[in-house]
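Engineer: How does the following fold in three dimensions:
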Amino acid sequence: LAIYLSKKGKTDQDKARLIYAWIAKNISYDDVGFNTNNYGDLSPKGVMESRKGVCEGFSGLYKSIADSMGLEALKISGYAKGYGYQPNTRFKEVNHAWNAVKIDGKWRLLDVTWGEGFGETVNGKLQSNKKFNSAWFDVDPYEFLLAHLPEKESFQFVSDPINKKEYEKI
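Structural biologist: As a prediction, the model looks like this:
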């Protein structure tokens, strides 16, 4: 896959976007895994074979393909105000994973899981709706902070990082 995508992209920006689009369009969110806490094999190989995963699988696959294409990428863990989030929630533990990729010497943030679609509650359980969203590729770091706070402050990629307490207030 990395070889195939590399041939389609001329620049690192093209390659990074191709990985994002391919995963978002070809990997589905694992509702059953999420609803039962039985996620199966979330390794890049496992996600490719099953064609499904949760954020851990999506972000791990992105990093694996990016690495294979010679791009510098990170898998980032942290807190996200996504499905099920209620305003003023205090985060007790990390609940999401996403990526950063270095393009032209600058780290760019992306969330391919959220680019795959969105979730809603049906009969008390998550039901995903697959709808490609390019908006979660190369998001301004300050905008990204409205919904994503990495565990490591340096992965915010802003000049004035915020802490968890401040994040929970916005």
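Engineer: Please state the backbone phi and psi of the residue of the chain most remote from its centre?
Structural biologist: Most distant residue from the mean C-alpha position of the chain: residue 123, 26.1 Å away (Cα atoms, centre = their mean). Per-residue torsions, residue 123: phi 50, psi 40 (degrees, to the nearest 10).
Engineer: residue contacts, it?
Structural biologist: By Cβ atoms under 8 Å, 6 or more residues apart in numbering, no residues touch residue 123. Heads up, the C-betas are built off the backbone N, CA and C, glycines and all.
Engineer: With residue 54 instead?
Structural biologist: With contacts defined as Cβ under 8 Å, 6+ apart, residue 54 is in contact with 29, 30, 33, 34, 39, 42, 113.
Engineer: Mean confidence (pLDDT) on stretch 156-170, please.
Structural biologist: Mean pLDDT, stretch 156-170: 97.
Engineer: Identify the residues contacting that stretch?
Structural biologist: 79, 88-91, 100, 107, 109, 141-142, 145-146, 149-150, 153-154.
Engineer: Equivalent analysis for stretch 3-11, please.
Structural biologist: Residues contacting stretch 3-11 (Cβ under 8 Å, 6+ apart): 14, 15, 17, 18, 19, 22, 65, 69.
Engineer: mind putting those in CSV, pLDDT, distance to residue 127 and secondary structure included?
Structural biologist: Listed next are these as CSV, based on pLDDT from 0 to 100; distance: Cβ to Cβ, whole Å; DSSP: H, G, I helix; E, B strand; the rest coil:
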residue, pLDDT, distance to residue 127, secondary structure
14, 98, 33, helix
15, 98, 33, helix
17, 98, 28, helix
18, 98, 29, helix
19, 98, 26, helix
22, 98, 24, helix
65, 98, 28, helix
69, 97, 33, coil
